[in-house]
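Colleague: Structure here, sequence nowhere to be found:
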Ligand SMILES: Cc1cc2nc3c(=O)[nH]c(=O)nc-3n(C[C@H](O)[C@H](O)[C@H](O)COP(=O)(O)OP(=O)(O)OC[C@H]3O[C@@H](n4cnc5c(N)ncnc54)[C@H](O)[C@@H]3O)c2cc1C
Ligand SMILES: NC(=O)c1ccc[n+]([C@@H]2O[C@H](COP(=O)([O-])OP(=O)(O)OC[C@H]3O[C@@H](n4cnc5c(N)ncnc54)[C@H](O)[C@@H]3O)[C@@H](O)[C@H]2O)c1
């Protein structure tokens, strides 16, 4: 067995692992990335990039059709083959050589194979040909192995060869009828995309609304728009069994039987920690890693869990943020610097808890940051909710009959914004201003001086503040 040592060993070269390695190398340490599949991870090949490339054409067409004068120019249909080809180009045709080149250029070593913890600060990598390399970390091992699609315990589901998000984002053609199990981020985005690309989509959601966990207006608006586009949205539907019948997928549910050509399972994620040797260090395989705000595993001085693998915020930008914070903490600890662990210090991922931004790329989009009204209630925070239609001069110019909502949750004691949700066309671009207001805890009385330019959709900020003042 070959033996090598580095300051930092990073398990998993997804967007999170790449950033941990980059930050520690920039901080003067040596680092190796261990990757069993494609360098770049889910986001580049089977998640954010291909899904957003699939959705973008649909969004552009919808925006054009909503503007009289432009609408008349949209005389054809979306070109499915061109859309799929553009999607594939965004994944570099599932070829990671561009990212490998970046890793090398950044001064990071790369070992391909499956890495498993084999003791304190030790990882053994098994390559595809069975050869093994023992890696010793002088300072830290960062587990950045991500998450995988969760499988619900439904009779026969595994035997129908269901799609997961990987198949839904990399499919080479639209299935005739697509059943979608789960009405969360993946279910709503993929239902939007494949319905527009020619499938007849049915969404089967267990709960009473889509996008549960967000402000209720978000799921309601997305359900309305999916139905308008021809998607059959079934709420409160429990799937109890699955089978293939003459090639068709048949799902038995509390609301009757549903038939399709494929079924996409999108009911959430599970930690990808089943095969990384957690038992060797006294942790339970398969669980999300429990970490402190510096992303260090509770009770360990050298083991970190960064990105999806800790279950704190399953989003690419949050994994990369955690990577920057954890990387800084690893470098500081390696060089004997003090690590300030108070909220918002350079070494902690406080935003995970109070200010996670996300955009659901449906039509309309849902953009949110911070706490929902329910989360503020649950946390016992004194607050008021301002919930108004997104109707300003900017939005009426943006699209004829623009429909949207803005929901602000304001801390009435501290006079700051706790959270904000926008629902409407293109609202993703409004989100960073809200994130800055939440993270910066900008007092509402000062936000009053942040005057939105006329006529932009951002004028909604002024309407929200006016409604709050009463
Ligand atoms: C369909 C879909 C769409 C999404 N869209 C968005 C979006 O628009 N915006 C957004 O912010 N987020 C989105 N997400 C979430 C986003 O994809 C994840 O949050 C992000 O990819 C997590 O990055 P990560 O590096 O932590 O994990 P991953 O990207 O999963 O990387 C982990 C890496 O570790 C490797 N690995 C695992 N085990 C081992 C081992 N034992 N040895 C060596 N290597 C190993 C894996 O092969 C993988 O490359 C989406 C998710 C899905 C499913
Ligand atoms: N645009 C983005 O940023 C984006 C896009 C896709 C995914 N993601 C990330 O990936 C994560 C995973 O997405 P997801 O959609 O798989 O999970 P999710 O948690 O967003 O939604 C899963 C949904 O499935 C439902 N469900 C659970 N079990 C079910 C069952 N047996 N039958 C029917 N419905 C069931 C749940 O009620 C929930 O509404 C998201 O939480 C998000 O962090 C982000």
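Modeller: Everything's here; your move. The model shown is predicted, which means the values in this text are computed figures rather than measured ones. Ligands and ions are numbered 1, 2, ... in the order given.

Colleague: Any residue of stretch 414-432 touching ligand 2?
Modeller: No: figure legend: stretch 414-432 not in contact with ligand 2 (CB under 6 Å from any ligand atom); closest approach 9.1 Å. The way it works is simple: take the backbone N, C-alpha and C, and place the C-beta from them, glycine included.

Colleague: From one end of that stretch to the other, what's the distance?
Modeller: Taking CA to CA, to the nearest Å as the measure, stretch 414-432 stretches 21 Å from start to finish.

Colleague: Please list the residues of the stretch 151-300 of the chain that sit near ligand 1.
Modeller: Contact residues, the stretch 151-300 of the chain versus ligand 1 (CB under 6 Å from any ligand atom): 165, 169, 186, 272, 275-276.

Colleague: which residues of the stretch 201-350 of the chain fall in strands?
Modeller: 232-234, 239-245, 248-253, 256-260, 262-265, 269-271, 303-305 (DSSP state E, counting those that start in this stretch).

Colleague: CSV please, covering those and showing mean neighbour count and mean pLDDT.
Modeller: Output for those, formatted as CSV (neighbours: other CB atoms under 10 Å; pLDDT from 0 to 100):
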stretch, mean neighbour count, mean pLDDT
strand 232-234, 20, 98
strand 239-245, 16, 97
strand 248-253, 20, 98
strand 256-260, 15, 97
strand 262-265, 26, 98
strand 269-271, 20, 98
strand 303-305, 27, 98
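
Colleague: Rebuild the residues of the stretch 151-300 of the chain next to ligand 1 as a markdown table, extending it with pLDDT.
Modeller: Putting these into a markdown table (pLDDT from 0 to 100) gives the following:
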| residue | pLDDT |
| --- | --- |
| 165 | 98 |
| 169 | 98 |
| 186 | 98 |
| 272 | 98 |
| 275 | 96 |
| 276 | 98 |
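
Colleague: Nearest approach to residue 88 belongs to which of the strands of the stretch 201-350 of the chain?
Modeller: Residue 88 lies closest to strand 262-265 among the strands of the stretch 201-350 of the chain, at 18.8 Å (CB to CB).

Colleague: wait, does that closest one make contact with ligand 2?
Modeller: No: Strand 262-265 does not reach ligand 2 (CB under 6 Å from any ligand atom); its nearest approach is 8.5 Å.

Colleague: quick thing: my sequence starts at 39, can you match it?
Modeller: All right, first residue 39 from here; so that's strand 300-303.

Colleague: and the residue in the stretch 289-438 of the chain that ligand 1 sits nearest to, what pLDDT?
Modeller: Scanning the stretch 289-438 of the chain for the residue nearest ligand 1 gives residue 345, at 2.4 Å (criterion: CB to the nearest ligand atom). On pLDDT, residue 345 comes in at 98.

Colleague: for residue 386, same thing?
Modeller: pLDDT for residue 386: 98.

Colleague: Any figure for the gap between it and residue 329?
Modeller: To residue 329, residue 386 is 11 Å away according to CB to CB, to the nearest Å.

Colleague: Any buried residues in stretch 82-99, and which?
Modeller: Within stretch 82-99, the residues that qualify as buried are 82-97, 99, counting by 16 or more other CB atoms under 10 Å.

Colleague: go on, stretch 364-373?
Modeller: Residues of stretch 364-373 classed as buried: 364-372 (neighbour count, 16+ other CB under 10 Å).

Colleague: Which of the buried residues of stretch 82-99 fall in strands?
Modeller: Applying DSSP state E to these, no entry is found in strands.

Colleague: center of the protein, which residue is that?
Modeller: residue 353 (3.2 Å; CA atoms, centre = their mean).

Colleague: list the contacts for that one?
Modeller: Counting by CB atoms under 8 Å, 6 or more residues apart in numbering, residue 353 touches 394, 396.

Colleague: And for residue 328?
Modeller: Residue 328 neighbours (CB under 8 Å, 6+ apart): 335-336, 343, 348.

Colleague: 7 Å instead, please
Modeller: Residues near residue 328 by CB atoms under 7 Å, 6 or more residues apart in numbering: 335-336.

Colleague: Kindly report the same for residue 129.
Modeller: Contact analysis of residue 129 by CB under 7 Å, 6+ apart lists 82-83, 87-88.

Colleague: give me the subset of the residues you listed touching ligand 2.
Modeller: Okay, of those, nothing touches ligand 2 (CB under 6 Å from any ligand atom).

Colleague: Quick one: low-confidence residue ranges for the stretch 189-338 of the chain.
Modeller: Along the stretch 189-338 of the chain, the model assigns pLDDT under 70 to no residue.

Colleague: how much space between the closest residue to ligand 1 within it and residue 418?
Modeller: Proximity of the stretch 189-338 of the chain to ligand 1 (CB to the nearest ligand atom) peaks at residue 203, 3.7 Å away. Distance, residue 203 to residue 418, by CB to CB: 36 Å.
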